[in-house]
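Visitor: Sequence and predicted structure, then a few things I'm wondering about:
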Amino acid sequence: MLIITEINAHNSNHFCSICGKSKKKVFLKRSNVPVHQNLLYNSYKEARNCVRGDIELAFCSYCGFISNSKFNPDLLNYSADYENTQTYSGYFYDYLNNLVHYLTEKYDLIGKQIFEIGCGKGDFLKLICEKNRNKGIGFDPSYIGPEQTPDGSVRFIKEFFNDEKAKSFSNIDFIACRHVLEHIENPLELLLTIKRSLNMKKNTAIFLEVPNVKWILTNFVFWDIFYEHYSYFTPNSLKYAILKAGLEVTKTSTAFSDQYLWIEAKPMKNKDQDIELHSLHDNEISSEINAFVKNYNNQIEKCKKLIICMNETEKSAVWGAGAKGVTLLNILDPNAELIDAAIDINPNKQGKFIAGTGHLIISPKEIKNKNYKKILNLNPNYLNENNELLRKMSVDIQLSTL
């Protein structure tokens, strides 16, 4: 069930866990949604019987922080079956490679000690270490693979990063934390843990990457809101959290066609924290959320009509079995009646089933045999790459976008 609510004082929740300045106000509710978007299922039945939870998004009108007040971390299971590898895409690999180049040049990351918190399968950490003779330590309970790379330059610890782990290492030159903060119930505590791990190391640089909720709101990307993400950060709210943790923001920017928010930081040096925190009042968040709420139902109906139209004469599919694809299918085709399958370039996902709906995930190589006439491309960043892949396979299919 989906509910979009008018924002008013009666919809207030607890005080903001980032700034504590105002009560958070609920603006979106979804019930009985899959708690994982990137957990793989071996059968239709398993996928349909996945663990579910509720979403109740609320925002802070002071700092702009958005979170799911119904979030229950006990429902989540970031195990070896969790699969969100994106580097099978050439477009994404180029993005990652450019990020490594940028960070290496800016922070002179050659022969340094690098930590990555929430390293996933280790793609970023291995790339930045192998290219530049760095030593790396990656923390992630869902990591799959050997405990270290063949040359010993990168080690992986299949656990969450915490104070005890940090104490084991005396030298940390650079910390990366990419797409982790949004998954945890207390992001401020993780930032405080990072601060404590640095102790007196004043020259350590910190790089954070999270989804940019302003991109979601202004582009009405309702399929980019899902249970795995407890936190949705604006630039202001993330700055607020970093400052409150005793770190100093050195740069804020967006990347990946504004879908990602980058923040670079370092240990704070004799700054007036209270004055800077006071400057981070977000004057725009209420109006942006009101516009999102006002247009939400229209966007849902528009997308439903497109799906129905695609399905009128021939079978159709969606391209993308990641978080965006899983969420959109659960909203628009919850019983797998309109869309035949989800296409994904990641071989680890192929032959598996979408959480909640049970749609089969297929390889792009199977498109020819399916006789699809239309395919819905869910992330505009991959449109050119997917069109080129179809061209190379000599498949004449129209890719639609939302």
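Guide: Alright, I've got the coordinates.

Visitor: Every contact and neighbour count from this point should use C-alpha atoms.
Guide: Will do.

Visitor: Mind naming the longest helix for this structure?
Guide: helix 285-310 (DSSP state H).

Visitor: helices or strands next to it in the packing?
Guide: strand 2-4, strand 23-34, helix 213-218, helix 323-332 (3 or more C-alpha pairs under 8 Å, 6 or more residues apart in numbering; DSSP states H and E).

Visitor: In TSV, list the ones you listed along with mean pLDDT and distance to Leu57.
Guide: Output for the helices and strands packed on helix 285-310, formatted as TSV (pLDDT from 0 to 100; distance: least, C-alpha to C-alpha, whole Å):
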stretch	mean pLDDT	distance to Leu57
strand 2-4	44	10
strand 23-34	94	5
helix 213-218	96	12
helix 323-332	95	15
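
Visitor: Make a markdown table from these and add distance to Ile55 to it.
Guide: Converted to a markdown table, the helices and strands packed on helix 285-310 look like this (distance: least, C-alpha to C-alpha, whole Å):
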| stretch | distance to Ile55 |
| --- | --- |
| strand 2-4 | 9 |
| strand 23-34 | 5 |
| helix 213-218 | 16 |
| helix 323-332 | 12 |
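
Visitor: and His229, which of these is closest to it?
Guide: His229 lies closest to helix 323-332 among the helices and strands packed on helix 285-310, at 10.2 Å (C-alpha to C-alpha).

Visitor: what's the angle between that closest one and helix 285-310?
Guide: 70 degrees (axes from the mean of the first three to the mean of the last three C-alpha atoms, to 10 degrees).

Visitor: Check what contacts helix 323-332 and list those residues.
Guide: 33, 37-38, 222-226, 300, 303-304, 307, 318-319, 336, 342, 354-357, 378-379 (C-alpha atoms under 8 Å, 6 or more residues apart in numbering).

Visitor: State the helix or strand in which Leu127 lies.
Guide: Per DSSP states H and E, Leu127 falls inside helix 123-130.

Visitor: Look at the closest residue to Leu103 other than its chain neighbours and say how many residues are nearby.
Guide: Spatial nearest neighbour of Leu103, chain neighbours left out: Leu109 (7.2 Å); criterion: C-alpha to C-alpha, 6 or more residues apart in numbering. Counted with other C-alpha atoms under 10 Å, residues neighbouring Leu109 total 22.

Visitor: Identify the residues contacting Leu109.
Guide: Leu103, Asn132, Asn134.

Visitor: Now do the same for Ser17: its pLDDT.
Guide: We have a pLDDT of 91 for Ser17.

Visitor: Ignore what I typed, I meant Lys269.
Guide: At Lys269, pLDDT is 74.

Visitor: I'd guess Leu399 is in a strand, am I close?
Guide: Yes. Counting by DSSP: H, G, I helix; E, B strand; the rest coil, Leu399 is part of a strand.

Visitor: On the strand side of things, show who it bridges to.
Guide: Beta-bridge pairing of Leu399 under DSSP bridges involves Ile375.

Visitor: so how many other residues sit close to it?
Guide: Neighbours of Leu399 using other C-alpha under 10 Å come to 19.

Visitor: Filter the contacts of Leu109 down to the buried ones and hand me the PyMOL line.
Guide: To isolate the buried members of the contacts of Leu109 in PyMOL, using 16 or more other C-alpha atoms under 10 Å:
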select buried, resi 132+134
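
Visitor: Endpoint to endpoint, stretch 65-85 covers what distance?
Guide: 27 Å (C-alpha to C-alpha, to the nearest Å).

Visitor: Check which residues of it are buried.
Guide: In stretch 65-85, counting by 16+ other C-alpha under 10 Å, buried: 65-72, 76, 80, 82-85.

Visitor: tell me the two of those that are most distant?
Guide: Maximum distance among these (C-alpha to C-alpha): 30.6 Å, for Phe65 and Ala80.

Visitor: domains in the chain, as residue ranges please.
Guide: In terms of domains, the chain is parsed into 90-275, 308-401 (source: automatic domain parsing).

Visitor: in stretch 146-161, what counts as buried?
Guide: Counting neighbours by 16+ other C-alpha under 10 Å, stretch 146-161 gives Gln148, Ser153, Val154, Arg155, Phe156, Ile157, Lys158, Phe161 as buried.

Visitor: Export only the CA atoms of that stretch, formatted as CSV.
Guide: Only the C-alpha atoms of stretch 146-161 are listed here, as CSV (Å, rounded to 0.1, in the frame of the first residue of the first chain):
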residue,chain,number,x,y,z
PRO,A,146,39.9,-14.4,-0.5
GLU,A,147,41.0,-12.6,2.6
GLN,A,148,43.7,-10.8,0.7
THR,A,149,44.8,-10.1,-2.9
PRO,A,150,47.6,-12.3,-4.3
ASP,A,151,50.2,-9.6,-3.7
GLY,A,152,49.0,-9.0,-0.2
SER,A,153,48.3,-5.3,-0.9
VAL,A,154,44.7,-5.5,0.1
ARG,A,155,43.1,-7.3,3.0
PHE,A,156,39.4,-7.8,3.7
ILE,A,157,37.7,-8.1,7.1
LYS,A,158,34.3,-9.6,6.9
GLU,A,159,32.9,-7.6,9.7
PHE,A,160,31.4,-4.1,10.3
PHE,A,161,33.9,-1.3,11.1
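
Visitor: what does it contact?
Guide: Contacts for stretch 146-161 (C-alpha under 8 Å, 6+ apart): 117-118, 125-126, 129-130, 133-143.

Visitor: if we can go back for a sec, so for Leu28, which of the domains of the chain sits nearest?
Guide: domain 90-275 (9.9 Å).

Visitor: and the domains of the chain as CSV, adding distance to Ser17?
Guide: Listed next are the domains of the chain as CSV, based on distance: least, C-alpha to C-alpha, whole Å:
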stretch, distance to Ser17
domain 90-275, 8
domain 308-401, 25
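
Visitor: Thanks a lot, see you next time.
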